[in-house]
Structures are given as structure tokens and as C-alpha cells.
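> I would like to see how this sequence folds:
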Amino acid sequence: MKSAKLMYIAAIALLVALAIPVSLAAQEHPTKHHKYSLVDIGTFGGPNDQFNFASPTDHLLGSNGMVTGGADTTTVDPLCFDSPDCFVEHAFKWQKGVLNDLGALPGGTGNNSSQAFWINDRGQTVGLSTNGTVDPLTGQLVIHAVLWSDREKIKDLGTFGGYDSYAAAINRRGQVVGLAANATPDPNALFLLGQQARAFLWDEKTGMQDLGTLGTGNDAFATYVNDRGQVAGYAYTNTTPNPANNLCGLLQFGLGVPTVDPFFWENGAMIDVGTLGGVCGYATDLNNLGQVIGVSDLAGDLTFHPFSWTKSGGMKDLGTFGGDNGQANAVNDAGEIVGKADFPGSQLHDAFLWKDGTMTDLGNLGKTSNAHHINSSGQIVGASRINDAGELRPFLWENGGPMVDLTTLVPPHPGVHLDGGDTWLNDRGEIVVTGTLSNGDVHAFLLTPCDDNHRDGGDCGERAEGAAASAQSSSAFLQSPTAITATTSSTNNGNGEVGGRLGRRYPYRGFGTYQPK
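Coordinates of the predicted model:
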């Protein structure tokens with residue numbers, strides 16, 4: 001990526017923070033919040049839970065308290081699939097204190113890695129797994145879309161004849177969407193696959209269905225499917241690389257990509273959602289009403305705004321707080337949208353709630369904020385930068401505000417720093433956040449309201465002690481710095497693309513979506 005594009009991306013990603021104090025009126029009438037228990041989800045003996053492939057609009061927390069994602073094992077990965085810590089990683093499903101290893105596809109040496117992105121209310125989980133083979137077009141590990149269920153522990157969903165596939169989401173009916181390569185060479189393929197990447201819809205009866213493309217484009221990616229079987233994603237509209245496509249260019253590390261538009265699919269037809277005047281747009285969520293939200297370039301492709309689209313009403317620019325850029329991250333079935341938007345001047349941003357045509361500033365905990373999720377009750381979670389050093393805190397906003405630091409709602413937890421880099425919320429008010437242990441390891445933590453409606457939350461003080469004990473036991477596992485450094489250095493020699501494949505080649509929700517700051 002050349003310097004001009006690098007400067008463009010860096011300018012957006014590294015915005016300077018500004019304090020926007022919560023109004024005195026809001027402070028005079030504070031909202032009453034639940035207290036929460038705190039439980040460390042843990043790992044399979046390795047140092048970290050891995051959410052570096054995820055985005056705020058993944059669905060890692062089910063409605064019944066099940067949590068999914070990826071966790072390190074104790075096995076060092078000789079190919080360093082999961083950069084930078086180079087441990088074999090397995091998808092997991094956690095429920096009521098039990099961490100289940102979902103495993104990976106067989107093949108090769110058997111030390112394959114997997115990662116989960118979405119869990120439905122039936123406990124079905126989708127994601128991807130390596131299978132021990134190498135893609136001869138890229139020299140990288142082959143990755144296949146997979147489905148985990150109680151009936152079938154792991155199912156390879158296959159491809160359209162190409163080497164790779166990714167599963168992005170699953171609905172309550174067990175329908176899966178994602179991307180799969182066919183056998184046709186494509187120099188401009190999404191994620192540099194080397195073959196045409198096609199959006200798919202998979203179900204048990206019909207298998208994998210190609211959803212088509214937009215215009216004369218060859219590539220598409222289905223990223224969301226609702227419970228009605230409607231699908232949203234994004235697709236190339238032509239095959240001509242566009243040097244002005246800075247925003248979507250990050251999907252291929254800044255290389256020029258063709259024009260990208262978000263799409264909506266139902267009943268066999270892919271509809272071009274359009275953009276706000278630019279050459280890049282993509283969907284970031286889809287609700288059960290068929291409402292698509294996302295991000296789009298404006299004319300000139302130097303700024304981008306959040307949008308909402310419906311089949312009957314078309315595309316609506318949700319605007320900003322007067323600044324250049326904004327992004328929509330999540331929408332509930334009431335049509336309430338959350339994300340972040342810039343202020344004028346030095347381009348600082350706050351989390352927003354868009355409801356009934358009005359964008360409400362949710363404030364921040366010191367500097368900036370970004371809303372990741374909203375549930376059916378209108379509770380909102382996200383992350384806020386609290387100081388000039390870039391420190392993040394997870395936040396909760398509910399009942400009209402103001403925003404509250406989630407770390408103040410849990411008992412003391414020595415050795416655990418909840419950072420809010422990834423934050424998820426379900427309709428029961430349970431929250432999953434990432435936190436850093438005193439030794440630098442990153443884990444997922446489940447926060448459960450401690451009240452009569454959440455009896456499995458237990459005693460807040462008792463659960464906090466369990467979290468602290470888990471943090472101490474994890475610290476004892478950490479290998480010597482010398483051993484880890486040597487492993488990382490030797491395995492990355494000549495295999496840099498393998499080590500960072502998903503972290504860099506698979507930002508599948510699109511640029512701008514995953515920015516917790």
C-alpha cells in the first residue's frame with residue numbers, strides 16, 4: 001500500500017481524542033443499573049482468547065448465555081496461523097461454567113486451527129477451520145467454512161470448486177451464509193484468494209447455493225442472514241480496479257479494487273442497495289424486518305457515513321455530529337441503530353443511537369466512544385477511550401443514559417483489566433467483554449446481572465473471586481519470553497502471509513466496522 005493510502009487510513013483509524021462531558025442534567029438523575037457477576041471464560045491452556053478476527057457485529061453471545069469464539073491451546077503452531085502468539089487455536093462453546101472444545105477439521109498433522117464467529121439460539125455455531133492442506137495459488141493454508149452442532153460435531157460446508165470458504169453467520173433455522181471460492185481464476189478476488197469469491201447460502205436440505213453477483217462483478221460475500229432467510233452482504237459491481245476505492249481497498253491491503261456495493265438478497269434475487277455517492281459501501285448488520293445498515297463513501301470517496309436501507313424506503317444517510325465520518329454497527333428489530341459519528345473540527349467521535357429519525361449522542365467516559373451492540377430492550381454496549389494514553393473501558397447505556405463504565409458495576413477483580421475492545425450483549429442483558437490479565441493475556445469475560453431474573457448469575461462477590469482465581473492460574477501458564485519469541489521468529493520466516501491470513505486478509509465486515517476506540 002502506497003503512502004497516500006496509508007496516510008488516509010491512518011488518519012481515520014488514529015483520531016485524536018477529545019473529552020465531551022456528560023450533561024449535568026443527566027448526572028442529576030442517574031440511571032439505576034444492575035450489578036454484574038464476572039466470570040473468566042478461560043482458554044484451552046494457552047494464553048489468549050482470540051477475537052482478532054471478529055467485529056462488533058459478530059454474534060458471539062447467544063440468548064441463553066452461551067458464548068463462542070476462539071481460544072489458544074497449549075500446542076505451538078509451526079505455521080503461526082494465529083499471529084502473533086503462534087499457538088494452535090480452537091473454536092469454543094461455553095455455557096454454565098463449562099468450556100467445550102469444538103475442535104477443527106482433520107488433515108495434515110492434525111494440529112489445525114479453527115475460529116467461531118456466530119452462535120444461534122439452538123447452540124449451532126459457524127466459523128472456519130484449516131484442514132492441513134496448502135492453497136497452491138497463494139501458498140497459504142486452506143480454510144473452509146464449518147458448522148458445529150450437537151448432532152454433528154463439525155461439518156465441512158465445502159466450496160464451489162475452489163480452495164477456500166468462510167462462514168460468517170447462521171440464523172435460528174440453521175441457514176448459513178458466507179463466502180466460497182469457485183475454480184475460476186480472478187486476479188482481483190476478494191481477500192486475494194486468486195479465485196472468484198461467491199456469496200453463499202447453505203442449509204441442510206439444499207446444501208450450498210451461489211447467490212450471484214451485482215452488475216458485471218465476479219465476487220460477493222454474504223455476511224448476515226436473518227430468521228426469514230433474507231441475506232445482506234457486499235459485492236463487486238464490475239471487474240475494473242478503481243484507484244479511488246480507498247475505503248474498500250483495505251479489504252485487499254490497499255490494492256485498487258472494483259466498485260463495491262452492499263446487497264440485499266431474498267427469493268433468489270440479489271438487489272443492489274447502492275451507495276451514498278461513492279464507490280464503496282458494505283452492510284454491517286441486518287434485522288428481521290429486512291432493514292440493512294452499513295457504511296458508504298460519499299461522492300469523492302474521501303469521507304464515509306452510516307446508512308440505513310429498506311426495500312420500500314431505499315437508502316437513508318444517517319449523518320454525523322457535524323464531522324466527516326461515521327459508521328453504523330448494529331440494528332435491533334425495532335429499527336434502532338448504534339455506531340459512532342464524528343464531530344466537526346478535529347474529527348473526534350462519540351457513540352450514537354439513531355431512533356425515529358434522530359441521532360442521539362451517547363456521550364463518552366472521557367475522550368471518545370463507539371457503540372457496538374444494542375438489544376431488544378434498547379440496552380447498548382461499546383467501548384470508550386478514557387484518556388490521552390488510549391486506555392479503553394467497556395460501557396453500558398440504558399434507560400436514557402448517562403453512559404456508565406461497566407467496570408464500576410462488577411465486584412473488584414484484581415489482576416483483570418476490562419478493556420472493552422470487543423463487547424457483545426444479548427436480550428437477557430448478559431454481556432461479554434474482553435479483558436487483559438496482569439501478565440498481558442487477553443481473555444473473554446461474561447458479565448451476568450445479579451438479580452432474581454438471572455439466578456444463574458449467582459452471588460456477585462462469589463463469582464468475582466472465581467474470576468480472580470482464574471486470572472492467577474492463567475498467569476502461571478505463560479511460557480518464558482525466550483521460548484515464545486524464538487517460536488514466533490522461526491515460524492514467520494518466509495510465511496508472513498500464513499501467520500496473518502485472517503487478521504489481515506479477512507476483515508470481513510469491512511473497513512471502519514471494527515474500530516473500538
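> Tell me where the stretch 351-500 of the chain has helices.
460-477, 481-492, 496-499 (DSSP state H, counting those that start in this stretch).
> what's the model's confidence in the longest one, averaged?
Across helix 460-477, pLDDT averages out at 42.
> try the shortest one
In this model, helix 496-499 has an average pLDDT of 28.
> Stretch 48-66 now?
For stretch 48-66, the mean per-residue pLDDT is 74.
> From the opening residue of it to its closing one, how far?
19 Å (C-alpha to C-alpha, to the nearest Å).
> Strands along the stretch 151-300 of the chain, start to end?
Along the stretch 151-300 of the chain, the segments classed as strands by DSSP state E, counting those that start in this stretch run 155-158, 161-170, 176-185, 195-203, 207-210, 220-225, 231-236, 260-266, 269-272, 277-286, 292-298.
> The fifth one pairs with which strands, and in what direction?
Here strand 207-210 has these sheet partners by DSSP bridges: strand 195-203 (antiparallel).
> quick check: angle from the strand it pairs with to strand 260-266?
Interaxial angle, strand 195-203 versus strand 260-266 (axes from the mean of the first three to the mean of the last three C-alpha atoms, to 10 degrees): 30 degrees.
> which regions of the chain sit below the pLDDT cut-off?
For the chain, the stretches with pLDDT under 70 are 1-31, 51-57, 81-84, 249-255, 346, 451-517.
> nearest to residue 135, of the strands of the stretch 151-300 of the chain?
Nearest of the strands of the stretch 151-300 of the chain to residue 135, taken as C-beta to C-beta: strand 161-170 at 4.4 Å. Using the backbone N, CA and C atoms, a C-beta is placed for each residue, glycine as well.
> in that closest one, what's buried?
Under the neighbour-count criterion of 16 or more other C-beta atoms under 10 Å, strand 161-170 has 162, 163, 164, 165, 166, 167, 168, 169, 170 buried.
> which secondary structure elements does that strand contact?
Applying 3 or more C-beta pairs under 8 Å, 6 or more residues apart in numbering; DSSP states H and E, we find strand 161-170 packed against strand 114-119, strand 125-135, strand 140-148, strand 155-158, strand 176-185, strand 195-203, strand 220-225.
> Next, format those strands as JSON lines and append distance to residue 444.
Below are the helices and strands packed on strand 161-170 laid out as JSON lines (distance: least, C-beta to C-beta, whole Å):
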{"stretch": "strand 114-119", "distance to residue 444": "12"}
{"stretch": "strand 125-135", "distance to residue 444": "15"}
{"stretch": "strand 140-148", "distance to residue 444": "17"}
{"stretch": "strand 155-158", "distance to residue 444": "25"}
{"stretch": "strand 176-185", "distance to residue 444": "23"}
{"stretch": "strand 195-203", "distance to residue 444": "27"}
{"stretch": "strand 220-225", "distance to residue 444": "22"}
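> and the ones you listed as a markdown table, adding distance to residue 425 and mean neighbour count?
As requested, the helices and strands packed on strand 161-170 are arranged in a markdown table below (distance: least, C-beta to C-beta, whole Å; neighbours: other C-beta atoms under 10 Å):
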| stretch | distance to residue 425 | mean neighbour count |
| --- | --- | --- |
| strand 114-119 | 14 | 28 |
| strand 125-135 | 18 | 23 |
| strand 140-148 | 23 | 25 |
| strand 155-158 | 28 | 17 |
| strand 176-185 | 22 | 22 |
| strand 195-203 | 27 | 25 |
| strand 220-225 | 17 | 28 |
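> who wins for proximity to residue 356 among the ones you listed?
Among these, strand 220-225 comes nearest to residue 356, with 23.3 Å by C-beta to C-beta.
> Check which helices and strands that closest one sits against.
Checked by 3+ C-beta pairs under 8 Å, 6+ apart, strand 220-225 has strand 161-170, strand 176-185, strand 195-203, strand 231-236, strand 277-286 packed alongside it.
> Same list, the ones you listed, but as CSV with distance to residue 436 please.
Converted to CSV, the helices and strands packed on strand 220-225 look like this (distance: least, C-beta to C-beta, whole Å):
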stretch, distance to residue 436
strand 161-170, 27
strand 176-185, 31
strand 195-203, 35
strand 231-236, 33
strand 277-286, 26
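> Relative to residue 398, how far out is residue 404?
Residue 404 sits 8 Å away from residue 398, going by C-beta to C-beta, to the nearest Å.
> now swap in residue 427 and tell me
For residue 427, the distance to residue 398 - C-beta to C-beta - is 13 Å.
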